[in-house]
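# how would this look folded up:
(chains A, B and C)
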Amino acid sequence: MNLKISALEYVQEVKTGNISAEDFVAKTIERIQSIDDKLHAFLSINDEAVDQARNIDKKIKSGEKVGDCFGMPISIKDNICIKDSKTTCASKMLENFIAPYDATVITKLKQQDAIFVGKVNMDEFAMGLTTEFSAYGPSKNPWNLEHVPGGSSGGSAVSVSAFECVASLGSDTGGSVRNPASFCSTVGYKPTYGLISRYGLISYANTIEQIGPLTRTVKDTAFMLNLISGIDSNDNTTVDNKNEDYLSGIESGIEGKKIGIIKEMIGDGIDPVVLSATKDAIAKLEGLGAICEEISIDMVKYSVAAYYTISATEAGSNLARYDNIRYGYDFPLEGYEFNSYISKARRNFGPEVTRRMIIGGFVPSAGHAGKYFLKALKVKSKLTREINDAFKKFDFLISPTVPILPFKLGEKIDDPISLFLVDINTITANLTGKPAISIPFSNSNGLPIGIQLMADSMNDKSLLQAAHALEQTVNLPEVPI
Amino acid sequence: MTMIGLEIHCQLTNLNSKLFCSCKANYREFKINENICPVCMGLPGSLPRLNQEAVKKATIIAMALNCTTPEKIAFFRKNYFYPDSPKNFQITQLNMYGDTSVGGTGSVMIGDKKIRITRIQLEEDPGRLIYEGSSSKNLITLVDYNRAGTPLVEIVTEPDFETPKEVRDFLNILSDILANLGVADPSLEGAMRADANVSIEGGKKVEIKNIGSFHDLEKAVHFEITRQDSLHSRDIEIIQETRHWDDKRKITVSSRSKEEDLDYRYFLEGDIPWITIDHDIQKKLQAEMPESISSKKERYVSKYNIPEQVAEVLSSDKYYSDLFEEAHTESNAKEVANIITTELMGLVDTREKREVSKFTSTHLRDLADAIQSGKVSRNSSKNALHEILKSGKELSVVILELDLGNVSDISELSKIITLVISEESQAVEQTKSNPQTINYLVGKVMQKTKGKADPGLTLDLLKKQIGV
Amino acid sequence: MVTEEEIEHVSKLMRIDVDDHKEYVEKVNMMISYFDLLDSAGVNSEEITMPEISISNLRKDEYIPFDDKLIEKLNHYKGTYVRAPKMSS
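Residues are numbered from 1 along each chain as shown, chains lettered A, B, ... in the order given. The predicted structure follows:
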């Protein structure tokens, strides 16, 4: 059984009867069981996946209406709630938390007969870039097991890239879907802010994060987007995309489109191999009829500082609810006073989360808010203005997703600023709410390089067209696992 | 010069659902922790869904208190840790980027004095705490989250009050206004709470929290003024602090508040966009507002000639004004008003009594008409009212069952009068010389007819028969 | 520069016991110093923009009870109360 097919190919195969959902899902589970020891993408596996697949085969045979996913095995980042399943955010604080409700994206996928094959690893509470901050151990890059898979949606990228599932849902706050997608050579998508409901996504920085799919092809991402996007009454920040069909017309190409090359994202600190790959991508796009030109977005220089100030502030507030009183882990409260109990209970956060909480308490506090938090909000506003101006001139903006190659495990874990800067190319899309996609472009000594395209708000459809066009020019090696 | 300011919290008990979720707004009928959902419990991944009607109700409250109402409002997070607050932050309002609360500056008159309103904001109520074990050494805190997320409107006043009585008057007027708007039932337990701040002689402001009722508020303010006066007269400095009302000892006590906790790190609530309430919508809300108390009172006086004091009572209590509006006609308005304020009032002066009363506006109209037409005497009408309150039976039925029908048949009445004259010859003689004493004879006729004789008619016939 | 006292103060504010304040001082200082970069962004006059929705698009005021007995799925509940540690004073 060939597991190395795209989501759309899977659907075709099952529809035409060439394969059964049960067989495919069973083989998928087998694959997970045989290689995940090395990769550690999964935190928990759905025991009933094969049974669920069998039921879908029954539905298909009996002529009943079947959802668009036809039993497709999908992995879900462990910060998205699935009812009656453990949802830990890769943290010891939520060790015993079993979600009593489904996230909106889960409800939608269930309705489409998707099968959730398991919950995948992440940096604790989505704070990190390498999945090394997971309380349950890091995930490994299937392209080179000594290297990081990226983060925070590391488990998502690994599971898709290593054929442990057909697609995954991750979350992207500062690049957490696109960064691991780039490091693991998959497609990773962050939609326009508000396009996908965050109801059921455990909040880290709620004004800038979105759930995003990780898939093998751009068409697969469009397919997923059709299923999970749309206005949701459970999330006041969602926008109405009027049931847009992202798949139709995806092969339209980019003839005549104007693409801006963000100077600040190919500047100092970029790995020469990544720079050359970027130039290559630009040449390919020009070959397809696009017009590429450099543009300077001055605020990019301040975007990382602004991002960490804002996200730490929001995280400090969003994570305040984890006091182990209503849910959490086993820690009896007898004999304690309230404030000392919760202060002690919250020691179960990992060191990175703790650091971010301290910062998140500091930067908006009385006496410091003006210097840090309010200034960061102003940088966010100015950056948005600059990007909006750029989109008056250009249809898309391009840059490498990450300015460096996937690095070794342990290499940057003690150097926070250097780690922050890994995100410098992806953070802009989060701060401005614009859609952005990373597509696998090339490979350097077995280490993947991804190229990022950005579009204006609500232009997700045309962004996918551009990404698809670029993707068609690419020829990549197979993952060595 | 004493300066007192108030911070009043009013639950919007007439709404169907909580501020950010669809659980019930009025939590009082539920068993412990049965009126909760992932949103009001702040479960991981939950998001607030703002209640449209709550914003509308808060806006009309602001309008009723003559406050400015901005076209854009925003919500903020107030970050602090407490077991009754499931997210460990409260979603509330603040004027951080210009006027972003639902109501800006306004005013309310208490008699001739103007009390300025600083702002009105919409926010969520926390859950309720119960302490197990004795109050000084409690072992465990028990939390009921049924109330968490209930919509609250906070009304903040300038320190314009000078006496506890002014505070009490204001709270009464405010309760009437809120009941009249139909946004809340202020008589429900815990529906309206208030904190106060007190300063004397332009000195430091002391906040008083944890006041259980409006009655206690008056006492607390009075105590605090006395306390500060006493310190002042001995040249002792009054410290700016927060004190809480100790209901057992009836005093205010200094609260041990840690300085760290006062940093709430306010910032915009990112899960709720700014809400635009444009001019057209505001105009519509204004037009659809129930008639104000003062407008009703004016109308009762000018249109129906109802005496001012009666109109005052009628208009300020929604229960009475509703009854009046439904029961009155052009001809019986004054009588209806009279029945409400003289006979009905004493019988339905509490929420419980009103809940069980079966006396409707139809009954009221029938009764007023019956009195005016002479079918029932004013005396008998009292008995009828008592009966209807309990049984809800139609007036005509009650009249028959209790034999309350007026004796207004002239021949029958004449016979009774003749009898009384014959029995009271001495009184009759007195009346011939002193006409005022005829009332004694009227009384005797009323006795014989068990109060059912029409008094006016009785007087006329008596006069005729005696010849005065 | 962030001092050890400030770290202590903030960790109390955020209710997280921190073992070694010194260790955090170093790391947090590194990060906060990096944020000083914001001072040179020249954004003092910038307006903060926010997304908006009309009041007409807000949720209708309906009572819809949550299906499951939610309280039974949470920790620390006694009978039906949620239990929390005692409050000081």
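
# got a pLDDT number for B:Glu260?
We have a pLDDT of 45 for B:Glu260.

# ignore what I typed, I meant B:Gln465.
In this model, B:Gln465 is scored at 86, pLDDT.

# can you get me a residue count around it?
B:Gln465 is surrounded by 15 other residues when neighbours are defined as other Cβ atoms under 10 Å in any protein chain shown. Quick note: C-beta positions are derived from backbone N, CA and C, even for glycine.

# next one: it from B:Glu224, what distance?
70 Å (Cβ to Cβ, to the nearest Å).

# just B:Ile417 next, same as before
Applying Cβ to Cβ, the value for B:Ile417 to B:Glu224 is 67 Å.

# next one: B:Asp246
Distance from B:Asp246 to B:Glu224, counting by Cβ to Cβ: 12 Å.

# just the strands in the chain please.
I went with chain A, as the question did not name one. According to DSSP state E, chain A carries its strands in the segments A:42-45, A:73-77, A:115-120, A:167-172, A:187-190, A:210-215, A:258-262, A:291-295, A:396-400, A:436-444, A:447-454.

# actually it's chain C I care about, not the one you picked
Secondary structure of chain C by DSSP E: the strands cover C:52-54, C:77-78, C:81-85.

# partner strands of the longest one and their direction?
What it means is strand C:81-85. strand B:140-144 (antiparallel), strand C:77-78 (antiparallel) (DSSP bridges).

# turn the strands of chain C into a markdown table, columns for mean neighbour count, distance to A:Asn2 and mean pLDDT.
Written out in a markdown table, the entries for the strands of chain C read as follows (neighbours: other Cβ atoms under 10 Å in any protein chain shown; distance: least, Cβ to Cβ, whole Å; pLDDT from 0 to 100):
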| stretch | mean neighbour count | distance to A:Asn2 | mean pLDDT |
| --- | --- | --- | --- |
| strand C:52-54 | 13 | 47 | 96 |
| strand C:77-78 | 14 | 50 | 60 |
| strand C:81-85 | 23 | 51 | 89 |
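
# so where is chain C shaky, pLDDT-wise?
In the predicted model, chain C carries pLDDT under 70 at residues C:75-79, C:89.

# please report how far the most centrally placed residue in it lies from B:Arg128.
Centroid-nearest residue in chain C, with Cα atoms, centre = their mean: C:Met14, separated by 7.5 Å. Distance from C:Met14 to B:Arg128, counting by Cβ to Cβ: 26 Å.

# by mean pLDDT, flag the weakest helix or strand of chain A.
Here the helix or strand of chain A ranked lowest by mean pLDDT, DSSP states H and E is helix A:416-420, holding a mean of 84.

# what about that helix and chain C, any contact?
Yes - under the criterion of Cβ under 8 Å from any Cβ of the partner chain, chain C is reached by helix A:416-420 at A:Pro416, A:Ile417, A:Phe420.

# what is that helix packed up against?
With contacts defined as 3 or more Cβ pairs under 8 Å, 6 or more residues apart in numbering or on different chains; DSSP states H and E, helix A:416-420 has these neighbours: helix C:21-35.

# in the stretch 151-300 of chain B, what residue is nearest chain A?
Residue nearest to chain A within the stretch 151-300 of chain B (Cβ to the nearest Cβ): B:Gly270, separated by 3.6 Å.

# for the residue nearest to that residue when sequence neighbours are not counted, grab the count of nearby residues.
Distance criterion Cβ to Cβ, 6 or more residues apart in numbering or on different chains; nearest residue to B:Gly270, sequence neighbours excluded, is A:Thr207 at 3.6 Å. Neighbouring residues of A:Thr207 were enumerated by other Cβ under 10 Å; the total is 24.

# touching, A:Thr207 and A:Glu314? I think so.
Yes - the pair A:Thr207 and A:Glu314 qualifies as a contact (Cβ atoms under 8 Å) at a distance of 6.5 Å.

# overlap of the contact sets of these two?
Taking Cβ atoms under 8 Å, 6 or more residues apart in numbering or on different chains as the contact rule, A:Thr207 and A:Glu314 both touch B:Gly270.

# which positions in the stretch 151-300 of chain A make contact with chain B?
Taking Cβ under 8 Å from any Cβ as the criterion, the stretch 151-300 of chain A approaches chain B at residues A:198-203, A:206-207, A:233-237.

# quick one: those residues as CSV, columns for distance to B:Pro83 and pLDDT too.
Formatted as CSV, the entries for these read as follows, by distance: Cβ to Cβ, whole Å; pLDDT from 0 to 100:
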residue, distance to B:Pro83, pLDDT
A:Arg198, 26, 98
A:Tyr199, 25, 98
A:Gly200, 25, 98
A:Leu201, 26, 98
A:Ile202, 21, 98
A:Ser203, 21, 97
A:Asn206, 23, 97
A:Thr207, 27, 97
A:Ser233, 30, 96
A:Asn234, 26, 97
A:Asp235, 27, 97
A:Asn236, 27, 97
A:Thr237, 28, 97
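
# which one's the longest helix in chain A?
Among the segments of chain A that qualify as a helix by DSSP state H, the longest is helix A:373-393.

# quick one: it to helix C:21-35, angle?
40 degrees (axes from the mean of the first three to the mean of the last three Cα atoms, to 10 degrees).

# no further queries at this time; thank you.
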